[in-house]
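# I'd like to go over a predicted model; first the sequence, then the structure.
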Amino acid sequence: MVRLLRPFGRAVTYTRLLHLFIAVVWPSMLLFVREAWWIWAVAAAALVPVGLVPAMRTVEGLQARLLLTGHRHDSGSTGIVVAPSATWADRGRLVVWLQARLVLGCATSVVVAQLLYASVDSVSSAFGRDVDESAPFALAGHHWWHVVLVPSALIASAVTVVVSGNLITALALRLLGPSPTERLAALEERTEQLLERARIARELHDSIGHALTVAVVQAGAARAAGDPDFTARALDAIEETGRTALEDLERVLGVLRESGRPVGGRPTLTDADRLLESARASGAKVDADMTGPVDTVPGPVSREGYRILQECLTNVLRHAGPVPARVRIAVTDGTLALEVRNPLTADVPGPGRGSGLRGIRERAALLGGSARTGPDHGDWQVRVELPLR
């Protein structure tokens, strides 16, 4: 019993009814001008060009979020989109939504009004007053037992309100929900966010965790040794390790600061010049060559290519220092090729060392590409090939 009455204690039940009533207010006003059935046909036809206006999707989405779901209008977890229509499919769904809302709103209003009117007539006829016997649900004659039918009419009215509210909400989730294109864009953004978080966690573990471990071990060893020379060397090691960890932390925090930006606003290979200038400002001599239509590279590939180039230049500065580096970016039919080379130094990272090289290989693999890192003819080479389709 409590479960059956629970919907009537929720505010959203009545805001859904209000949402349906709003849909029939303006057609009902036309009935005062001319009471005819074709008024509703004119109203339905007028909604077609209205639904083709892109901004109407925002208006209807905000109403639906506020009145149908019980959430705030700025909540993003309702499954209802408030962005303007971007395609003709979005406009078509909005037209269907407006028509369905009008029909369901009209049917609900008529049924609820007639049931309430029948309840009043039942009470009136039970007390011997005349009623309009031609009205729907009207009872003939004057009998005391007519009043017993009032609860049934009220229950039927309440059930109509709940059922119609649930139905219009289900239609809103279906017709005002995200389109396949919007779902794909949201999935792409979510995937990139997860990739960034995984990379950040990996870098923090490998870099900051390693630095703290070294600092703790060196400090403990210096205390136990009691040798001023050893203590001085330990302090130098701690200082150098701490400086490197701070640089890594600053780089990771830079990624975190960008995480709130939309995917479309994050840097791509068209912004590669600022990476090259940053490397040159650090003392490296960077020779860059970009061929092919870089600006036509698909967004996900271009963004990952930017991150790979960023990691390559960071590794050059970290492991080789301010040495000459050659950057080659080539866009051909179906492939993005990115190569970074620098003179080989004594500090050669092995195939499994460092999160940077592993991250480059993982990024390439996720996009169906390949990455090759290692010594090559006296140079350290990173070569990545990513498919464009």
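All right, it came through fine.
# quick one, helices of the chain?
2-5, 11-30, 38-51, 55-68, 88-126, 150-175, 180-203, 209-225, 228-258, 272-281, 299-315, 355-366 (DSSP state H).
# any chance of the ones you listed in CSV with mean neighbour count and distance to residue 378 as columns?
Yep, even glycine has a C-beta here, placed from its N, CA and C like the rest. Listed next are the helices of the chain as CSV, based on neighbours: other CB atoms under 10 Å; distance: least, CB to CB, whole Å:
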stretch, mean neighbour count, distance to residue 378
helix 2-5, 8, 77
helix 11-30, 16, 71
helix 38-51, 14, 67
helix 55-68, 20, 60
helix 88-126, 18, 57
helix 150-175, 17, 62
helix 180-203, 14, 29
helix 209-225, 14, 29
helix 228-258, 14, 26
helix 272-281, 15, 21
helix 299-315, 22, 17
helix 355-366, 19, 19
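# go through those and name the closest to residue 345.
Distance to residue 345, taken as CB to CB, is lowest for helix 299-315 among the helices of the chain, at 11.4 Å.
# so how far is that closest one from its chain's centroid?
23 Å (CA atoms, centre = their mean, to the nearest Å).
# just checking, what packs against that helix?
Applying 3 or more CB pairs under 8 Å, 6 or more residues apart in numbering; DSSP states H and E, we find helix 299-315 packed against helix 180-203, helix 272-281, strand 324-332, strand 335-343, helix 355-366, strand 379-387.
# let me have the ones you listed in JSON lines, extended by mean pLDDT and distance to residue 225.
JSON lines is the format used below for these (pLDDT from 0 to 100; distance: least, CB to CB, whole Å):
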{"stretch": "helix 180-203", "mean pLDDT": "75", "distance to residue 225": "32"}
{"stretch": "helix 272-281", "mean pLDDT": "79", "distance to residue 225": "40"}
{"stretch": "strand 324-332", "mean pLDDT": "91", "distance to residue 225": "41"}
{"stretch": "strand 335-343", "mean pLDDT": "91", "distance to residue 225": "38"}
{"stretch": "helix 355-366", "mean pLDDT": "80", "distance to residue 225": "32"}
{"stretch": "strand 379-387", "mean pLDDT": "91", "distance to residue 225": "37"}
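# how about the ones you listed in CSV, adding distance to residue 25?
Shown next, in CSV, are the helices and strands packed on helix 299-315 (distance: least, CB to CB, whole Å):
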stretch, distance to residue 25
helix 180-203, 31
helix 272-281, 55
strand 324-332, 57
strand 335-343, 56
helix 355-366, 52
strand 379-387, 55
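# which one of those lies nearest to residue 19?
Across the helices and strands packed on helix 299-315, closest to residue 19 is helix 180-203 (CB to CB), at 23.0 Å.
# quick one, what contacts the nearest residue to residue 294 once chain neighbours are set aside?
Distances taken as CB to CB, 6 or more residues apart in numbering place residue 269 nearest to residue 294, at 5.2 Å, with adjacent residues excluded. Listed by CB atoms under 8 Å, 6 or more residues apart in numbering, the contact partners of residue 269 are 294, 297, 302, 305-306, 309, 329, 336.
# now swap in residue 327 and tell me
Each residue near residue 327 by CB under 8 Å, 6+ apart is listed here: 276, 286-289, 309, 312-313, 338-340.
# got it, and residue 363?
Here residue 363 is in contact with 195, 304, 307-308, 371 (CB under 8 Å, 6+ apart).
# columns distance to residue 344 on top of those residues, output as a markdown table?
Converted to a markdown table, those look like this (distance: CB to CB, whole Å):
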| residue | distance to residue 344 |
| --- | --- |
| 195 | 30 |
| 304 | 26 |
| 307 | 24 |
| 308 | 20 |
| 371 | 18 |
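# for the residue nearest to residue 294, give me the pLDDT.
With respect to pLDDT, residue 269 scores 88.
# and for residue 178?
Looking at residue 178, its pLDDT stands at 86.
# and the residue nearest to it when sequence neighbours are not counted, what does it touch?
Leaving aside its chain neighbours, residue 178 sits nearest to residue 81 (5.1 Å; criterion: CB to CB, 6+ apart). Applying CB under 8 Å, 6+ apart, one finds that residue 81 lies in contact with 57, 61, 176-179, 182.
# and with 7 Å instead?
Counting by CB atoms under 7 Å, 6 or more residues apart in numbering, residue 81 makes contact with 61, 176-178, 182.
# in CSV: these, plus distance to residue 102.
Listed next are the contacts of residue 81 as CSV, based on distance: CB to CB, whole Å:
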residue, distance to residue 102
61, 17
176, 15
177, 20
178, 23
182, 25
